[in-house]
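Participant: My questions are about this predicted structure, shown below with the sequence.
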Amino acid sequence: MKVEGLGDERRAELFQIRTLIEDVHDFSSDQFKSMVEQYKEQDLITYQILTQATELADESYTRYLNGVLVGGRMGLDLMSLANSSESPILGKVMSEMRERLKNEKEYRKQFLGPQIGKQMQIHEIQLRKVQKQEVKRQREEMKAFAKTQVKGIRFFDFGR
């Protein structure tokens, strides 16, 4: 079984994508989404890393915006985050206020870019674990094979 890793080429592409996301001001979320869709057809590992990073960055950014809204900056200081999901009206108000507060540059630089780096690290760690298990399995197979080969060579074996 061959374990496919990120490799230098894929790692370089992901670093370029991260640089585009964090540093290029004219790079939009629509361009990023179309890029991710292209990777869906071309490279499933890169696609998986980018989609996981996007999902986790979205969740983190939503929590951040909820904290800004409920934390007192927007006048909802008396409510807690736990109570905000109980009322459908309050939920709608919160989502509308989150939409007003969203800053794409801030999201990309503070949440999406770093999350891509984290997903790359997580993928590499998982890859190393799988590779170690594969090497261990191969060693065990070689030991078992060596034992069967050595069995007939012993001098005082008497054919057993």
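Facilitator: Sure, I can see it.
Participant: Gln126 - how many residues pack around it?
Facilitator: 12 (other Cβ atoms under 10 Å). Heads up, the C-betas are built off the backbone N, CA and C, glycines and all.
Participant: Please apply the same query to Met94.
Facilitator: 22.
Participant: any idea how far it is from Gly67?
Facilitator: Distance, Met94 to Gly67, by Cβ to Cβ, to the nearest Å: 11 Å.
Participant: now do Glu59
Facilitator: Counting by Cβ to Cβ - Glu59 and Gly67 are separated by 13 Å.
Participant: before we move on, what about Ile116?
Facilitator: Ile116 is 23 Å from Gly67, by Cβ to Cβ.
Participant: Quick check on the two: which one has the bigger neighbour count.
Facilitator: Higher neighbour count among Ile116 and Gly67: Ile116, with 23 against 12, using other Cβ under 10 Å.
Participant: List the contacts of Asp8.
Facilitator: For Asp8, the contact set (Cβ atoms under 8 Å, 6 or more residues apart in numbering) is empty.
Participant: now the helices for the chain?
Facilitator: 7-23, 29-42, 44-68, 81-84, 88-101, 104-107, 113-151 (DSSP state H).
Participant: deepest of those, which one?
Facilitator: The highest mean neighbour count among the helices of the chain, using mean count of other Cβ atoms under 10 Å, belongs to helix 44-68: a mean of 17.
Participant: tell me which strands and helices it is in contact with?
Facilitator: helix 7-23, helix 29-42, helix 81-84, helix 88-101, helix 113-151 (3 or more Cβ pairs under 8 Å, 6 or more residues apart in numbering; DSSP states H and E).
Participant: Could you list the single helix or strand in this structure with the lowest mean pLDDT?
Facilitator: helix 81-84 (a mean of 49; mean pLDDT, DSSP states H and E).
Participant: How much space separates Ser28 from Gln131?
Facilitator: 38 Å.
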